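>>> Pasting the sequence and the predicted coordinates here, then a few questions.
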Amino acid sequence: VVSTQSTGVVSTQSTGRKRNGRETTPYVDVFDSFACLYASLEQYRGKIKKLDYENVKRQEDIKSIMADPGKKLTDGDKNFLALQQDNIQLQRQNDSYQKEFQRMGMRIREITRLDVQLIDSQQKCYGLEQENGAMRDELTTLQLMYKKVEEDNKRMKAENQHMAEKILQQKKEEVDVINLHNETMKKIKEHQMFFELENARREDNISPEQSVSSNTTVGGMGRSGIFSRLFRKSESESDEHESRHSSASSRCRLYSGPSIIPNKVATKVDCHTSELYSMAFSYQGTMLATGGADKCIKLWKSSNLPSVENFSTLSGCNAGVMSIDIDERDQFVVAGSNDAAVRMWQITGGQVKSTFMGHDNKIYTVKFYNHSQRVVSGSHDRTLRLWDVRSSKNIRTIFARSSCHDLAVLSEQGTNIVSGHFDKRLRFWDERQDTSSHEMLLDGRITSVDLSGCGKYLACSCKDASAIKFIDLKVNQAIATFTADGLKMGEHTRCSFSPDGQYIAVGSTDGSIFVWNTRTLKQEVVPKHHTSAVPVVKWHPMGQSFISLEKSKKFFIWTDLDL
């Protein structure tokens with residue numbers, strides 16, 4: 001401790017000497033000059049006093065001489081006059097020295113002021129050096145903390161990557177389990193049919209050889225009739241499947257004649273165990289898909305409306321199904337759910353074919369496009385994502401700046417997509433660009449977007465205004481606004497065009513259905529049959545009926561025919 005204190009004292013003394021040398025050396029010549037000038041000034045002051053005394057005496061002599069002009073000047077008088085001249089000269093020199101003295105005094109005062117400022121600056125510099133040292137220590141500490149945080153970040157990224165891979169693996173395992181379940185159910189049904197046929201054969205005591213050729217009736221139908229019915233059913237389904245494939249080569253839905261406004265509820269179907277959110281027809285109208293909060297999708301045969309038959313239930317979603325679409329060949333169903341995943345099922349067998357992962361929040365809308373080779377999805381995470389069906393990869397992400405509630409594909413190639421958003425804006429996109437090509441500000445939050453069959457008009461439902469905007473795509477302007485007393489839209493209200501584009505229909509939260517004629521711009525009358533909110537109304541592609549979803553687990557089939 002003593003050694004440390006001694007070292008500190010010596011260091012302080014050395015620093016003091018250096019600082020004293022820095023502060024005094026520049027001013028040594030100034031102080032020497034000032035001392036010399038001051039000494040000369042004192043000498044001249046003594047001489048001036050002496051000369052002043054002699055000057056007074058000589059002036060008295062001059063007065064006496066002036067009083068007697070005839071008196072001759074003596075040598076002393078002449079000396080006096082010479083001294084008088086010297087005195088004047090000395091006075092002038094004294095004045096110059098006085099001025100120089102004043103100038104030097106001002107310079108000394110300026111030097112003193114600068115010296116004070118220098119001392120203040122040195123004190124500030126010392127304080128800044130102390131702060132600099134503290135900040136240097138703090139920087140070292142922060143660098144160590146940053147290094148630790150960076151290591152933790154790398155570790156967390158590695159863990160996140162591992163967890164993501166694990167989640168994807170679990171998803172694949174879930175898909176495999178669902179597919180295995182569907183395969184098992186299919187085999188169970190086949191075995192049940194086989195056992196039923198076998199039991200029927202045994203009841204009639206028909207040998208296996210006789211069962212092929214016998215016409216004995218089982219439940220009113222011969223054995224050959226049973227097999228022929230099964231074969232006919234298989235052949236008819238195959239022909240229907242081939243017919244759909246050949247007739248669905250284009251994306252246009254077919255309809256016969258003009259659309260009508262059905263005014264009767266022909267069938268009420270209890271379809272799900274929880275609330276309904278979404279519905280979609282196949283492109284030829286032979287199939288209907290419904291989805292809701294019970295996490296499953298039900299497929300219905302709808303070729304003979306108002307009769308429908310549930311022929312398959314698709315499972316695999318971990319949350320409510322918000323949007324459904326069916327491809328143009330009736331082979332696949334795609335759906336977006338609240339678990340932030342887009343899934344695609346194969347209709348034959350009901351297996352999950354692909355799971356598209358990438359969104360960070362619930363998915364409100366999905367659509368097939370590009371001849372069903374791609375899928376576009378819109379989410380609450382403010383993005384649109386484009387997916388390739390074959391590779392199941394996200395080929396493009398578009399940042400839309402607001403939650404996307406619905407979208408429509410304006411061209412089959414997908415180069416023009418229109419999306420409706422929570423911020424009341426309708427945005428038009430080219431999938432090759434990162435920014436929207438055009439935007440329209442509407443009257444409220446957009447809950448749905450539907451394209452007319454001719455592709456020239458757009459219908460948008462706005463929740464805040466409880467109105468439908470009828471938009472002409474040629475000029476990108478709303479040419480009409482449809483609203484009515486009692487119309488109130490919910491968060492998931494979806495409007496739709498009739499197949500020929502002559503009508504727009506939408507459901508209300510009070511159970512009413514509103515329809516407007518796009519040609520006359522007048523409201524049509526539809527009787528009220530629902531008792532709870534109607535989120536979706538969809539026309540059948542043939543245009544002769546439509547289906548309305550009731551939030552309370554059922555859908556209604558409307559028609560204009562007398563049953």
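Ah, there it is. Predicted model only: the values in this text are computed from it and were never measured.

>>> hang on, Ala289 packs against Lys301?
No: counting by Cβ atoms under 8 Å, Ala289 does not reach Lys301; the two are 11.3 Å apart. (Glycine included, C-beta is placed from N, CA and C.)

>>> So which of the two has more stuff around it?
Neighbours of Ala289 and Lys301, each counted by other Cβ atoms under 10 Å, are more numerous for Ala289; the result is 25 against 16.

>>> can you give me phi and psi for the more buried one?
phi -120, psi 140 (degrees, to the nearest 10).

>>> wait, what's in contact with it?
Contact analysis of Ala289 by Cβ atoms under 8 Å, 6 or more residues apart in numbering lists 279-280, 282, 297-300, 324, 326, 333.

>>> Restricted to buried residues, select those in ChimeraX.
Selecting only the buried entries of the contacts of Ala289 in ChimeraX, with 16 or more other Cβ atoms under 10 Å as the criterion:
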select :279,280,282,297,298,299,300,324,326,333
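
>>> Figure out how far the strand or helix carrying Asn153 is from the centre of its chain.
Here Asn153 sits within helix 75-203, counting by DSSP states H and E. Distance of helix 75-203 from the chain centroid (Cα atoms, centre = their mean, to the nearest Å) equals 29 Å.

>>> Stretch 463-478 too?
The answer for stretch 463-478 is 25 Å, by Cα atoms, centre = their mean.

>>> do stretch 498-514 as well
32 Å.

>>> Show me what counts as buried in it.
498-509, 511-514.

>>> Now stretch 481-489: average pLDDT?
Computed over stretch 481-489, the mean pLDDT rounds to 95.

>>> What residues sit buried inside it?
482, 487, 489.

>>> From the opening residue of that stretch to its closing one, how far?
15 Å (Cα to Cα, to the nearest Å).

>>> neighbouring contacts of that stretch?
443, 447, 461-463, 465-470, 504, 506, 508-510, 512, 514, 516, 521, 523.

>>> in this structure, which spans are helices?
2-24, 28-67, 75-203, 210-213, 223-247 (DSSP state H).

>>> Which one, of those, ends up nearest to Ala293?
Closest approach to Ala293 among those (Cβ to Cβ): helix 75-203, 19.1 Å.

>>> Show me what the closest one is packed against.
Counting by 3 or more Cβ pairs under 8 Å, 6 or more residues apart in numbering; DSSP states H and E, the packing neighbours recorded for helix 75-203 are helix 2-24, helix 28-67, helix 223-247, strand 351-357.

>>> Which member of the buried residues of stretch 481-489 is positioned nearest Asp32?
Each of the buried residues of stretch 481-489 was scored against Asp32 by Cβ to Cβ, and Met489 proved nearest at 98.1 Å.

>>> ok, and the closest non-adjacent residue to that closest one?
Lys463 (4.7 Å; Cβ to Cβ, 6 or more residues apart in numbering).

>>> Make JSON lines out of the helices of the chain and add mean neighbour count.
Below are those laid out as JSON lines (neighbours: other Cβ atoms under 10 Å):
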{"stretch": "helix 2-24", "mean neighbour count": "10"}
{"stretch": "helix 28-67", "mean neighbour count": "12"}
{"stretch": "helix 75-203", "mean neighbour count": "12"}
{"stretch": "helix 210-213", "mean neighbour count": "13"}
{"stretch": "helix 223-247", "mean neighbour count": "13"}
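
>>> Tabulate those (a markdown table), appending distance to Ile261.
Formatted as a markdown table, the helices of the chain follow (distance: least, Cβ to Cβ, whole Å):
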| stretch | distance to Ile261 |
| --- | --- |
| helix 2-24 | 100 |
| helix 28-67 | 109 |
| helix 75-203 | 40 |
| helix 210-213 | 53 |
| helix 223-247 | 27 |
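
>>> Next, format these as JSON lines and append mean pLDDT and distance to Thr435.
What follows is the helices of the chain, written out as JSON lines (pLDDT from 0 to 100; distance: least, Cβ to Cβ, whole Å):
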{"stretch": "helix 2-24", "mean pLDDT": "61", "distance to Thr435": "64"}
{"stretch": "helix 28-67", "mean pLDDT": "76", "distance to Thr435": "72"}
{"stretch": "helix 75-203", "mean pLDDT": "84", "distance to Thr435": "29"}
{"stretch": "helix 210-213", "mean pLDDT": "36", "distance to Thr435": "69"}
{"stretch": "helix 223-247", "mean pLDDT": "39", "distance to Thr435": "39"}
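
>>> What distance do you get for Asn263 to Asn310?
26 Å (Cβ to Cβ, to the nearest Å).

>>> on that earlier part again, run the angle between the helix holding Asn153 and helix 28-67 for me.
For helix 75-203 against helix 28-67, the angle by axes from the mean of the first three to the mean of the last three Cα atoms, to 10 degrees is 150 degrees.

>>> got the angle for helix 75-203 vs strand 351-357?
Using the same axes, to 10 degrees: helix 75-203 against strand 351-357 is 170 degrees.

>>> among the buried residues of stretch 498-514, which are in strands?
503-507, 513-514 (DSSP state E).
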